[in-house]
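# no sequence for this one, just the structure:
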């Protein structure tokens, strides 16, 4: 038997994973989103949240915000792989220099009567949610906040008659005076 | 000056403006207008292949042997899907191609029309970039941009999907002053601070080694010249990947041979023991590194690559330099000279002493026979009898490919065309067609196996049609040799489906195509028959009947490190069960 035991340390050290928010500036051309989403699925990366819309109409430029998790080396690979795509102008890790400002928006529909209805109103006002629609038995609220705030709001609303949720992904921007 | 013309005419005009002389293609419903436009001109010569995959491989052979981009023209649906394997191959090996695919008219896209497929969707992952052109106004820009994207940065295939109604539409064509992409600007010049640090590290190295790859070949002949200069200036040993063969002359004493899974003993041990590794245009492929956690454990690493995503992908490096090989090598040579840097002569002498010891092991030695033709011997004779000619070699994929890489010695870049990353059986014959077209007076040989050759055999017909005197040299061992070798190693010698049953008579087959067939099964006749093959100015299939049981050595088994190689006398000396060499974890790796 020639089976050898190794005297080298394992290369695949377990590195800690981090949550990262990437802003990707791209040409808004057909298929660009498929290219980016396909890159993530094809290479086994994670997308936790994805937000995209054209931000500069004249120049047809879109800003894509992706929240992902990975070890430092994987995050570096994600950035390099994204930058390799022809329509990608730039990739900025917004969380590189500390926490970025991050917001997402959710719409929730709650249906109920009596105490449930009153409690729903109280909670909405405690969270600073806006009432977008109301009937005698229902509300549609809008809440903008961090992912955690939105999560908590939805959890509480579940107890008072939540029937439907619609959420955006995260929109994010680095803090401070400097622009991208 | 703008001119009015149809979309189909724009395609041909753009090709002419790009200086394209040859395109490889196959007509069909969705590209008929372009074929009609081809009919009316003579500048661009169309080569009719027999299968679209062949068109792409031919364009790859053309591109890799000439340094020019390869161009492919195929129809929608099956035309496009048949081209996929070739595109994926070009993507993995960074070959610049522009592939124009026909598409159903824009108003039918998405309706499951006849011969419709989502070409841009399907090819998104196997091209560097792709376009679906939906308006005639975009067409001239896209066509020229496609050539820019294919050739700049890390080269790769670009697909332009062109609906039939756009081909008929009339618009104005202007040749852009520069065909650059509006934003895509890859870095070609390396960071000077990093290059300086690299030179410093090299000057202080005790056990350095150059590890070069296909990037040097892609960067152009100038890069190979600069590489030779730098290697000679420093006196360091040099090894190369499969894709990089020829960038450094194999006859030089500083050359260690190819490295990796079937690389030489001296090259792999030099990689294992080195203290400074200078990677130029290679990507730490898994066939090179072997077990990652045992890869070159003592080295500081410099990595020059035009693709930032290659850096730190699998192997961590100490000095990354993003840039084109030729540019970076030029800076390196200049800095080395300016700073009057000197290698550590004493240390280097020791290092070379060690390497000579490994070399003395003569890892490519084999026991020759007078009874049967040993495949290694066949390649050696092929090399010896062709080395004084301008010879281009292509290969299929398998044992014969590795033997060709080991025993055929390349002195110049662009002479060696093989499917490295994708490992596509069937690559060699069409690639030879492409290479012969680019070099009509050269000797072009496809070193093949009897199994691989049958994957794209129909391209013999193309070779005949265009009087391309390619030589198909089949090492016929009646097995899918590499599969059989792995079954021997991993699966207890149970040769499941790897025997080449019902082989055709290759001599008659050659004759049926209108070529020349030669068979050789006697070592004594080999030289004469090889000469006969070389001296025929027609396509030849040479059926070289070789030893059926020979395996490819040296070999780093899966899951093993560079210093755990198997050499060719391994079985003979120890009598051990070869299947026990690879452990459970290694079996997963293939």
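Now that the structure is in, tell me what you want to look at. On a predicted model such as this, the values are computed, not experimentally measured, just so you know.
# Contacts for the host helix or strand of residue A:53, please.
According to DSSP states H and E, residue A:53 maps onto strand A:49-56. When contacts are defined by Cβ atoms under 8 Å, 6 or more residues apart in numbering or on different chains, strand A:49-56 is touched by residues A:28, A:33, A:37, A:60-67, A:104, A:147, A:168-171. (Glycine included, C-beta is placed from N, CA and C.)
# So residue A:156, which state does it fall into?
Of the three states, residue A:156 takes helix under DSSP: H, G, I helix; E, B strand; the rest coil.
# my guess is it contacts residue A:123, does it?
Yes. Assessed by Cβ atoms under 8 Å, residue A:156 is found in contact with residue A:123 at 5.3 Å.
# nearest residue to residue B:21 other than its sequence neighbours?
residue B:45 (6.3 Å; Cβ to Cβ, 6 or more residues apart in numbering or on different chains).
# looking at chain B, which helix or strand is least sure?
helix B:570-574 (a mean of 47; mean pLDDT, DSSP states H and E).
# tell me the helices in chain A, going along the chain?
Taking DSSP state H as the criterion, chain A contains helices spanning A:32-42, A:72-84, A:115-127, A:147-158.
# what's the spacing between residue B:383 and chain A?
33 Å (Cβ to the nearest Cβ, to the nearest Å).
# which parts of the strand or helix carrying that residue are buried?
In this structure, residue B:383 sits in helix B:375-386 according to DSSP H and E. Under the neighbour-count criterion of 16 or more other Cβ atoms under 10 Å in any protein chain shown, helix B:375-386 has B:375, B:376, B:377, B:378, B:379, B:380, B:381, B:382, B:383, B:385, B:386 buried.
# Give me the phi and psi for the closest residue to the last one other than its chain neighbours.
Translated: residue B:386. The shortest distance from residue B:386 to any non-neighbouring residue, by Cβ to Cβ, 6+ apart, is to residue B:443 (6.0 Å). Per-residue torsions, residue B:443: phi -90, psi 120 (degrees, to the nearest 10).
# any weak-confidence spans in chain A?
A:1-13 (pLDDT under 70).
# quick check: domain ranges of it?
Following automatic domain parsing, one gets these domains for chain A: A:18-93, A:101-173.
# With mean neighbour count as added columns, please give those domains in TSV.
Below are those laid out as TSV (neighbours: other Cβ atoms under 10 Å in any protein chain shown):
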stretch	mean neighbour count
domain A:18-93	17
domain A:101-173	16
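# how about the nearest residue to residue B:477 once chain neighbours are set aside, what does it touch?
Nearest non-adjacent residue to residue B:477, counting by Cβ to Cβ, 6+ apart: residue B:548, 4.7 Å away. Residues near residue B:548 by Cβ under 8 Å, 6+ apart: B:477, B:478, B:479.
# Nearest to residue B:120, out of these: which one, please.
Nearest to residue B:120 out of those is residue B:479 (Cβ to Cβ; 40.0 Å).
# Is there a neighbour count for the closest one? I'd like the number.
Using other Cβ atoms under 10 Å in any protein chain shown, residue B:479 has 22 neighbouring residues.
# so what's it scoring on pLDDT?
Here the pLDDT value assigned to residue B:479 is 96.
# which phi and psi does it have?
Dihedral angles (degrees, to the nearest 10) for residue B:479: phi -140, psi 150.
# show me the contacts for it.
When contacts are counted by Cβ under 8 Å, 6+ apart, residue B:479 touches B:451, B:495, B:498, B:499, B:500, B:548.
# ditto for residue B:60
Shown in contact with residue B:60 (Cβ under 8 Å, 6+ apart): B:70, B:86, B:89, B:90, B:93, B:95, B:97, B:417, B:427, B:431, B:434.
# Distance check, the nearest residue to the first one once chain neighbours are set aside against residue B:160.
Among residues not flanking residue B:70 along the chain, residue B:59 sits closest, at 2.8 Å (Cβ to Cβ, 6+ apart). Computed with Cβ to Cβ, to the nearest Å, the distance linking residue B:59 and residue B:160 is 14 Å.
# residue contacts, the closest residue to chain A within the stretch 1-150 of chain B?
Nearest residue of the stretch 1-150 of chain B to chain A: residue B:129, at 4.2 Å (Cβ to the nearest Cβ). Contact analysis of residue B:129 by Cβ under 8 Å, 6+ apart lists A:85, A:86, A:87, B:146, B:149, B:156, B:158, B:159.
# Show me what the closest residue to the second one other than its chain neighbours is bridged to.
With Cβ to Cβ, 6+ apart as the measure, residue B:129 is the residue that lies nearest to residue A:86, at 4.2 Å, once sequence neighbours are left out. Beta-bridge partners of residue B:129, counted by DSSP bridges, are residue B:158.
# residue contacts, residue 173?
I'll assume chain A. Residue A:173 neighbours (Cβ under 8 Å, 6+ apart): A:23, A:94, A:100, A:101.
# meant chain B actually
So residue B:173 contacts B:2, B:3, B:4, B:5, B:9, B:10, B:13, B:14, B:139, B:140 (Cβ under 8 Å, 6+ apart).
# So the residue nearest to residue B:386 is in contact with residue B:535, correct?
No. Using Cβ under 8 Å, residue B:443 makes no contact with residue B:535, being 10.2 Å away.
# Settle it for me: which of those two has more neighbours?
Neighbours were counted for residue B:443 and for residue B:535 using other Cβ under 10 Å; residue B:443 has more, 17 against 8.
# From residue B:60, how far out is the more buried one?
From residue B:443 over to residue B:60 the distance is 19 Å, taken as Cβ to Cβ.
# And residue B:140, its phi and psi?
The phi and psi values for residue B:140, taken as degrees, to the nearest 10, are phi -60, psi -40.
# typo on my end, it should be residue B:317
When read as degrees, to the nearest 10, the backbone of residue B:317 gives phi -120, psi 160.
# pLDDT wise, what is it at?
Per the predicted model, pLDDT is 97 at residue B:317.
# got a list of what it touches?
Residue B:317 neighbours (Cβ under 8 Å, 6+ apart): B:279, B:301, B:302, B:303, B:311.
# in which helix or strand would I find residue B:131?
Counting by DSSP H and E, residue B:131 is found in strand B:129-132.
# what mean pLDDT does that strand have?
Mean predicted confidence for strand B:129-132 is 97.
# Nearest to chain A within the stretch 351-500 of chain B, name that residue for me.
residue B:489 (12.0 Å).
# Packing partners of the helix or strand encompassing that residue?
Applying DSSP H and E as the criterion places residue B:489 in helix B:481-490. Helices and strands touching helix B:481-490, by 3 or more Cβ pairs under 8 Å, 6 or more residues apart in numbering or on different chains; DSSP states H and E, are helix B:399-407.
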